[in-house]
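Q: All I have is the shape, not the residue letters:
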């Protein structure tokens, strides 16, 4: 046992993405993973739902790797041991980012095992060690890990005046309660595939409004994991520290235009995009600029395609 001064060191970031089915967990996790990895072939998606191969060849993604757990007929294909074995395969293959999609199946396996044993609450003593082993494997994994979990509507039964009625009580993750507190960052997705930060141990997303999950978010997480300050490409600095930038500053504007050119954004969109990020902090500039650029370009291409069809 030794007393020492706390020191910020390189870590492997653990991120949660939670949403109901069909809200974009798989695609969002892949977009974020690219910012954490040096290349697409260093990203591995461990798949329980068959979603992994569906995005192969998507124009916004690259050739990532997949491990399919759902293909097995074994009742224990989603057990903690099977997940841990898959994570080891990915690590041994030189992956840099692992996506668990969806870890809710591990928890479902635990619930099924509990039902098979008995319905007594004391029987959790036999199941909990297996689940805890799974959580430890995630936290101790020497890779960046993105954990996808499903959410569903939770209902409660009320009784008044002899009548019973069912009411919605909000959304609940299909994972053991408290799991999100083990992670560095937890992201929730709405039905429009927009993200909000629900937990941020990194402290880099404080006060940020809804955003589109993107590679830029992954780069911010990577910089935090390396105990680095995120810096824009090139020699030009937008503004010192976390001070707000001004789009009227010639150097700042020149850097943003250079970045938009690198991203191959339609030039007529530049003024609108630059105005959108005016006033954000330098630490957020690159991520915010990339997000605004992607959103504007997608909207522009969508409108253009509509005009052509009409």
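A: Alright, I've got the coordinates. Everything numeric in this text was worked out from a predicted model, so none of it was measured. Numbering: from 1, shown residues only.
Q: By residue count, tell me the biggest helix in the chain.
A: Residue-count comparison of every helix in the chain, with assignments taken from DSSP state H, identifies helix 282-309 as the longest.
Q: just checking, next helix/strand downstream of the least confident helix or strand in the chain by mean pLDDT?
A: Within the chain, judged by mean pLDDT, DSSP states H and E, the helix or strand with the poorest mean is strand 163-173; its value is a mean of 67. Scanning forward in sequence from strand 163-173, with DSSP states H and E defining helices and strands, the next element found is strand 185-189.
Q: What is the subsequent helix or strand relative to that next one?
A: For strand 185-189, the following helix or strand on the C-terminal side (DSSP H and E) is strand 195-200.
Q: need the contact list for the closest residue in space to residue 224 that isn't next to it in sequence.
A: Take residue 224 and drop its neighbours on the chain: the residue closest to it by C-beta to C-beta, 6 or more residues apart in numbering is residue 202, 4.5 Å away. Yep, even glycine has a C-beta here, placed from its N, CA and C like the rest. Taking C-beta atoms under 8 Å, 6 or more residues apart in numbering as the definition of contact, the neighbours of residue 202 are 13, 184, 185, 221, 224.
Q: does the first one really touch residue 144, like I thought?
A: Yes: Residue 13 is within contact range of residue 144, at 5.1 Å (criterion: C-beta atoms under 8 Å).
Q: Which neighbours do these two have in common?
A: In terms of C-beta under 8 Å, 6+ apart, residue 13 and residue 144 are both contacted by the residues 36, 221, 222, 225.
Q: just the helices in this structure please.
A: When assigned using DSSP H, the helices of the chain occupy the ranges 25-36, 80-92, 104-117, 124-140, 215-225, 250-262, 270-277, 282-309.
Q: for those helices, which one sits closest to residue 206?
A: Taking C-beta to C-beta, helix 282-309 is the member of these nearest to residue 206, at 10.2 Å.
Q: quick one: buried residues of that closest one?
A: Of the residues in helix 282-309, those scored as buried under the neighbour-count criterion (16 or more other C-beta atoms under 10 Å) are 282-294, 296-297.
Q: Out of these, flag the one nearest to residue 45.
A: Using C-beta to C-beta, residue 294 is the member of the buried residues of helix 282-309 that lies nearest residue 45, at 21.2 Å.
Q: Do I have it right that that closest one meets residue 214?
A: Yes: look at residue 294 against residue 214 with C-beta under 8 Å: they come within range, at 6.0 Å.
Q: Show me the shaky parts of the stretch 201-310 of the chain.
A: Within the stretch 201-310 of the chain, the stretches with pLDDT under 70 are 229-242, 302-310.
Q: residues touching the closest residue to residue 32 other than its chain neighbours, list them.
A: In space, and not counting its chain neighbours, residue 32 is closest to residue 218: 4.4 Å by C-beta to C-beta, 6+ apart. Applying C-beta under 8 Å, 6+ apart, one finds that residue 218 lies in contact with 31, 32, 33, 34, 35, 36, 37.
Q: now the residues you listed in a markdown table, with neighbour count and distance to residue 267?
A: Shown next, in a markdown table, are the contacts of residue 218 (neighbours: other C-beta atoms under 10 Å; distance: C-beta to C-beta, whole Å):
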| residue | neighbour count | distance to residue 267 |
| --- | --- | --- |
| 31 | 21 | 24 |
| 32 | 28 | 28 |
| 33 | 27 | 30 |
| 34 | 22 | 25 |
| 35 | 21 | 25 |
| 36 | 25 | 30 |
| 37 | 21 | 30 |
